[in-house]
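Chemist: build the 3D model from these lines:
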Amino acid sequence: MCVERRRSQSPESRVKSSPEVYFYEQLPSREMRMSDITQANPEFISPKPALAWVTAALHYDFCPWANRWVYWLKNPLWVLVLAVVAATICGFWLNASVFLVAGTLMAVLALGIAWPWLSMRGVHCELTFSQQRAREGESISAVLRVQNRLWWPVWGLVLSGDVTGNGAPGDDGQPELFSLARVPGRTTSVFHWNFVPARRGLCPMSVPRMATRFPFGLYRAGKTVAVEKRLIVWPRTVALHSLPDAAEVEPRDEHLSERHVGDQGEILGTRGFRYGDSLRKIHWSQSARHQRLIVSERQAPSTCAVTVDVNLQACAFVDCDGECLEQVIRVAASICESLHRLHASVDCRIGSEHFRLGSAAQGLSRLLDFLAAVPRGGIEAAVSGTASEKPLHSRLTILVTTDRDVASRHANHLNCPAQRLIVVRAPQLRCEQVHEPVAGCRPWIEVDSVCDLAGVLPNRWRRACHAH
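Modeler: Residues are numbered from 1 along each chain as shown. Next comes the predicted model:
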């Protein structure tokens, strides 16, 4: 992760010093157990294992039930408040000179609260991205502009919030991305960094905030970072290079079929003249040879027509991990994008939403934008309809769903509403397996939710496309 800093100044501003950027790195943690300090010779304990034993004993939680009552003491602010109260009581009952200690502590409290609050009043932050759309695993450039309107510098600024989708939680429960050691007064500083979004969605995933605890860490003052335009992270897809072997076709002027007779393309054969045939179709040499009118038959314009139903209802992912939903979205996006690239006519239905992917790229972009915004738990049934609509007679219908949905259909003795069924199986410890598929619900392609989609789906798709 690299950071490049640029600074733009207003006419009345000037640079005082260069701010520094610190990135948080999550170090691997190691659980310490009492058995780790046991030596081969129990009579001798070296100083290092003995120190480890003492450290483990001091960090052991003897009263976990009392954490809810005493965890507030972790904040040094309340410790100082208790110290001020104790010093005030001692000043009244023991010695008046203790009031000096109470006044000093109160001054520290006032400075530790007022300084961060006043510093954030003069800071304005804005976050922008280098592009509007991206995919999982692609590197994205982000720009953070920090404007300090105060005459003095601001220290210890921390950017928190799930901006990249893979941050580690901080003190307030939000991931902390990086910190700025110092921002000079009366300047506008610009910071560039690159990140790789870990999952699909709308970045930032949560509202980003810029906060500081300087100088004593007693009080955290923060301000919401303005986001000019959110980044849409599309699901990761794999390229599929085959079309299903099916008779379902649909008329198209730019694609020709060898199975259907029309008025364009290559000559398929000849036949006798029929009333209403155009004179342009007459094959004059054959007509002269047979002493009767012979008409040429040419190819008809057509293309493969596919309807893709995607079951993203929350009930299909009960007791399944989040990767099961992500895998269903990736499989559906890969099929729709690949068929669109192969100039097939694709209709995608997700509940009550219907997307028609034409020759232009707008239809595919609308579909991927919708898939990027699907909630983590799936779409509620009250918002979306069911994917059990009857398929069109002239189209091949593919249903992408989970083994949980197949098990539900098996229990209710329901037939599959699609001609082809692609099943994403969750881990067996979380989802039950269907041992006897119900009639019409036998999977066409099966994919595990934790498998490498790029290494599994293309081969299975190619074999399945030429199996019928």
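Chemist: what number of residues lie near Ala373?
Modeler: Burial of Ala373 is recorded as 11 neighbouring residues (other CB atoms under 10 Å). Quick note: C-beta positions are derived from backbone N, CA and C, even for glycine.
Chemist: on the pLDDT front, check it for me.
Modeler: Among the per-residue scores, Ala373 shows a pLDDT of 90.
Chemist: leaving out sequence neighbours, find the closest residue to it.
Modeler: Among residues not flanking Ala373 along the chain, Leu202 sits closest, at 6.1 Å (CB to CB, 6 or more residues apart in numbering).
Chemist: wait, a helix at the one you found?
Modeler: No - judged by DSSP: H, G, I helix; E, B strand; the rest coil, Leu202 forms no part of a helix; its state is strand.
Chemist: per-residue confidence for it?
Modeler: Here the pLDDT value assigned to Leu202 is 89.
Chemist: looking at it, it is touching Lys229, isn't it?
Modeler: No - using CB atoms under 8 Å, Leu202 makes no contact with Lys229, being 10.5 Å away.
Chemist: higher neighbour count, those two?
Modeler: Leu202 (13 against 10).
Chemist: ok, now which ones touch that one?
Modeler: Contact analysis of Leu202 by CB atoms under 8 Å, 6 or more residues apart in numbering lists 230-233, 372-373.
Chemist: count the neighbours of Asp347 for me.
Modeler: The local packing of Asp347 (other CB under 10 Å) involves 18 other residues.
Chemist: how much space separates it from Ala305?
Modeler: Using CB to CB, to the nearest Å, we find Asp347 at a distance of 8 Å from Ala305.
Chemist: what do those two both touch?
Modeler: By CB under 8 Å, 6+ apart, Asp347 and Ala305 have these common neighbours: Arg395.
Chemist: send me stretch 71-81 as PDB with only the CA atoms.
Modeler: The C-alpha atoms that make up stretch 71-81 are tabulated as PDB, following Å, rounded to 0.1, in the frame of the first residue of the first chain:
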ATOM      1  CA  TYR A  71     -15.200  -2.000  31.200                       C
ATOM      2  CA  TRP A  72     -15.900   1.700  31.300                       C
ATOM      3  CA  LEU A  73     -12.800   2.000  33.500                       C
ATOM      4  CA  LYS A  74     -10.600   1.300  30.400                       C
ATOM      5  CA  ASN A  75     -11.200   4.900  29.300                       C
ATOM      6  CA  PRO A  76      -8.700   7.100  31.200                       C
ATOM      7  CA  LEU A  77     -11.300   9.900  31.200                       C
ATOM      8  CA  TRP A  78     -13.300   8.200  33.900                       C
ATOM      9  CA  VAL A  79     -10.200   7.300  35.900                       C
ATOM     10  CA  LEU A  80      -9.300  11.000  36.000                       C
ATOM     11  CA  VAL A  81     -12.900  11.800  37.000                       C
END
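Chemist: tell me the spacing between the residue nearest to Ala373 and Val233.
Modeler: Taking CB to CB as the criterion, Leu202 is separated from Val233 by 7 Å.
Chemist: cool, and Ser179?
Modeler: Ser179 sits 25 Å away from Val233, going by CB to CB.
Chemist: so between those two, which is more surrounded?
Modeler: With neighbours defined as other CB under 10 Å, Ser179 and Val233 compare such that Val233 has more, 25 against 19.
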